[in-house]
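Peer 1: here is the input, now give the coordinates:
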Amino acid sequence: MDGTLIRGGILPCLPAFRCPGRDMRRRRPGCALIRAARSLAILKDSGHHQLPRTEDTVKNSLKDALRSDLNGARRGRDRERTLVLSTALAEVRNREIEMGASLDDEGVRGVLARAVKQRLDAAAQMRSGGRPELAEREEAQATILRAYLPEELSADEVREMVREIVAGGAGHIGAVMSALMPRIRGRFEGGAASAIVREELSGG
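Peer 2: Below you'll find the predicted structure:
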């Protein structure tokens, strides 16, 4: 047996000692998973990889659309659109605070419809006051918000809905309006709808 001569005998040669550090790192359980996770994170951050999207993440709400468009307006330095959308989202948030709950798309449309009406009313007042430039600005803002609402209904379409509701048994204005408003919210002005209901109930 090979060995080294020392006083009192021969010291056998021991197997060459190898630092376990590299082998241990190579064989440590879970290392491959860790490296894969890190690589996935790098790819995700760089935009080269996207996780599978579920139906919930694909389907965006109306609030999501408003936020996305607001970010686009800010990037494009569109000051007027940025003002309108940020104000609309603030009004949505205020309404949620009042109700103590998050608004669904129907609730958001209600907020937007009121915002459109306010701007159109303001435009009418400004025109009557001899300020057409301010009226045009209010009307332009209303046009921006209208893009997030369903197509408007005509008075004839609303009158037909009212007649259907009355034929179904609703005999007073409260019952008719309760059935009518969910169908026209954001698409027809409530005061005008109420006038149509009164006409139909009175036999006009």
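Peer 1: so which elements touch the lengthiest helix in the chain?
Peer 2: Secondary structure of the chain per DSSP state H: the longest helix is helix 105-128. Counting contacts by 3 or more C-beta pairs under 8 Å, 6 or more residues apart in numbering; DSSP states H and E, helix 105-128 packs against helix 62-75, helix 79-99, helix 132-146. (Glycine included, C-beta is placed from N, CA and C.)
Peer 1: what sits up against the last one?
Peer 2: What it means is helix 132-146. Outside of helix 132-146, the residues within contact range by C-beta atoms under 8 Å, 6 or more residues apart in numbering are 80-81, 83-85, 88, 112, 115-116, 119-120, 122-124, 126-127, 152.
Peer 1: mind redoing it with 6 Å?
Peer 2: Helix 132-146 has contacts (C-beta atoms under 6 Å, 6 or more residues apart in numbering) with 84, 112, 115-116, 119-120, 122-123, 126-127.
Peer 1: mind picking the two most distant members of these?
Peer 2: Leu112 and Arg127 (22.7 Å; C-beta to C-beta).
Peer 1: neighbour count winner among these two?
Peer 2: Taking other C-beta atoms under 10 Å, Leu112 and Arg127 do not tie; Leu112 has more neighbours (22 against 15).
Peer 1: residues contacting that one?
Peer 2: 145, 148-149.
Peer 1: and this protein, what are its domains?
Peer 2: For the chain, automatic domain parsing gives the domain ranges 59-146, 155-201.
Peer 1: and the helices and strands packed on helix 105-128 as JSON lines, adding distance to Leu201 and mean pLDDT?
Peer 2: Below are these laid out as JSON lines (distance: least, C-beta to C-beta, whole Å; pLDDT from 0 to 100):
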{"stretch": "helix 62-75", "distance to Leu201": "33", "mean pLDDT": "96"}
{"stretch": "helix 79-99", "distance to Leu201": "30", "mean pLDDT": "96"}
{"stretch": "helix 132-146", "distance to Leu201": "30", "mean pLDDT": "95"}
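Peer 1: these: which one's closest to Gly169?
Peer 2: Nearest to Gly169 among the helices and strands packed on helix 105-128 is helix 79-99 (30.3 Å), distances taken as C-beta to C-beta.
Peer 1: how about that closest one as CSV, C-alpha atoms only?
Peer 2: Written as CSV, here are the backbone C-alpha positions of helix 79-99 (Å, rounded to 0.1, in the frame of the first residue of the first chain):
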residue,chain,number,x,y,z
ARG,A,79,-54.9,67.1,-20.4
GLU,A,80,-58.6,67.3,-21.1
ARG,A,81,-59.2,63.6,-21.2
THR,A,82,-57.0,63.1,-18.1
LEU,A,83,-59.1,65.6,-16.3
VAL,A,84,-62.4,64.1,-17.3
LEU,A,85,-61.5,60.5,-16.5
SER,A,86,-59.7,61.2,-13.2
THR,A,87,-62.8,63.2,-12.1
ALA,A,88,-65.1,60.4,-13.2
LEU,A,89,-63.1,57.8,-11.2
ALA,A,90,-63.1,60.1,-8.2
GLU,A,91,-66.9,60.4,-8.4
VAL,A,92,-67.2,56.6,-8.7
ARG,A,93,-65.0,56.3,-5.5
ASN,A,94,-67.1,58.8,-3.7
ARG,A,95,-70.3,56.9,-4.6
GLU,A,96,-68.7,53.7,-3.3
ILE,A,97,-67.9,55.4,0.0
GLU,A,98,-71.5,56.6,0.3
MET,A,99,-72.8,53.1,-0.4
